[in-house]
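A.B. asks: pasting the sequence and the predicted coordinates here, then a few questions.
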Amino acid sequence: MPQTYLTTDELSSRIKYDTRTIRERLKDSVLLEGVHYFRPFGGRKILYIWEAIERDMKLSVDALAIPMANGRVCHG
C-alpha cells in the first residue's frame, strides 16, 4: 500500500494547524517518530506519514464518542 509523505507545511494545510504548533506541540507528544513521521537518510528534514496521522486522528475522535441505543454516537 503506497504511503503519502508530507512536509510540515503540507501537513499544516491538511489538518488546519499552524506549522509552529505541529513542530512545538504535536511532534513527539501526539505525533511519534517511526509511527507518524521519520527523518529520511538520518537528516534534519521531517516527512509525515499521512495515512498514519489520519488513522490516529479518527481513532481519537471515536474514543471520545459514547455509543447510543439507536446506533448513533454522542460526542460528550
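C.D. replies: Received, thanks.

A.B. asks: what's the weakest-modelled helix or strand in this protein?
C.D. replies: strand 66-67 (a mean of 68; mean pLDDT, DSSP states H and E).

A.B. asks: and residue 53, helix, strand or coil?
C.D. replies: Taken by DSSP: H, G, I helix; E, B strand; the rest coil, the conformation at residue 53 corresponds to helix.

A.B. asks: who touches the nearest residue to it once chain neighbours are set aside in this structure?
C.D. replies: Nearest residue to residue 53, sequence neighbours excluded (Cβ to Cβ, 6 or more residues apart in numbering): residue 36, at 5.3 Å. To be clear about C-beta, it is placed using only N, CA and C from the backbone, and glycine gets the same treatment. Residue 36 makes contact with 30, 48, 49, 52, 53, 56, according to Cβ atoms under 8 Å, 6 or more residues apart in numbering.

A.B. asks: would you mind measuring from residue 36 to residue 74?
C.D. replies: Distance of residue 36 to residue 74, computed by Cβ to Cβ, to the nearest Å: 28 Å.
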